[in-house]
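Participant: let me see the structure of the following:
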Amino acid sequence: MLATDVMRTSFATIKPNAPLLDAVHLLLETSQRGLPVIDDDGSLVGIISEGDFLHRQELGVTGPAGFLLEWLLGRAEGQHMHEQTQALQVDAVMTRDPVRVDETATVDDIVTRMDAHQISQVLVVRDGKPIGIVGRTQLLVALERCLCRHD
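Facilitator: Numbering: from 1, shown residues only. Okay, here's the model as predicted:
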């Protein structure tokens, strides 16, 4: 079974210069674990995932896990830090060079990459542009289809 057989083809993307809070809203609205970050040509330049909001030293964030989310959502003390965080863009925290596969990757290849990088989804690309996402949910759906065929 190939990536194209199991990938999710409908997904949201975001631009690197989008406000960070827009990424939070989009993740929540779409129930995606991560958003491919694309440039104006549609080429993949990164990914911003749930985990990118929790622990990022380059932001100068110190404090308990999840504190950045509190700042972003306006619930934490410290107006100055809140304003600084509000001004951040996606490219400040996105993961550059995300794990990806091409459309001919097998499910075994995908699971191996997910395990090796301890991630829950892999981007599927064609000519440098995202065409799909394979996450744990898509793999479970594929497994269910296989098991049902054998009944």
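Participant: do you know how far the residue sitting nearest the centre point of the chain is from I14?
Facilitator: In the chain, the residue lying closest to the centroid (C-alpha atoms, centre = their mean) is G34, at 2.0 Å. G34 is 10 Å from I14, where distance means C-beta to C-beta, to the nearest Å. Yep, even glycine has a C-beta here, placed from its N, CA and C like the rest.
Participant: what residues are shared contacts of those two?
Facilitator: I48 (C-beta atoms under 8 Å, 6 or more residues apart in numbering).
Participant: so, low pLDDT: which residues of this structure?
Facilitator: Within the chain, the ranges that satisfy pLDDT under 70 run 54-87, 150-151.
Participant: would you state the helices of it in chain order?
Facilitator: 3-6, 20-30, 67-72, 79-86, 107-117, 136-149 (DSSP state H).
Participant: got TSV for these, with mean neighbour count and distance to D52 too?
Facilitator: What follows is the helices of the chain, written out as TSV (neighbours: other C-beta atoms under 10 Å; distance: least, C-beta to C-beta, whole Å):
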stretch	mean neighbour count	distance to D52
helix 3-6	19	23
helix 20-30	16	9
helix 67-72	18	9
helix 79-86	14	13
helix 107-117	14	14
helix 136-149	13	18
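Participant: which stretch among these comes nearest V124?
Facilitator: helix 3-6 (4.7 Å; C-beta to C-beta).
Participant: packing partners for the closest one?
Facilitator: When contacts are defined as 3 or more C-beta pairs under 8 Å, 6 or more residues apart in numbering; DSSP states H and E, helix 3-6 sits against helix 107-117, strand 129-135, helix 136-149.
Participant: tell me the angle the longest one makes with helix 107-117.
Facilitator: So the one you mean is helix 136-149. 140 degrees (axes from the mean of the first three to the mean of the last three C-alpha atoms, to 10 degrees).
Participant: ok and helix 136-149 relative to strand 129-135, angle-wise?
Facilitator: Between helix 136-149 and strand 129-135, the angle comes out at 70 degrees (the same axes, to 10 degrees).
Participant: residues contacting helix 136-149, please?
Facilitator: Against helix 136-149 from outside (C-beta under 8 Å, 6+ apart): 1, 5-8, 107, 110-111, 114, 120-121.
Participant: G132: which of these is nearest?
Facilitator: Proximity of the contacts of helix 136-149 to G132 (C-beta to C-beta) peaks at M7, which lies at 3.1 Å.
Participant: I appreciate the help and will end here.
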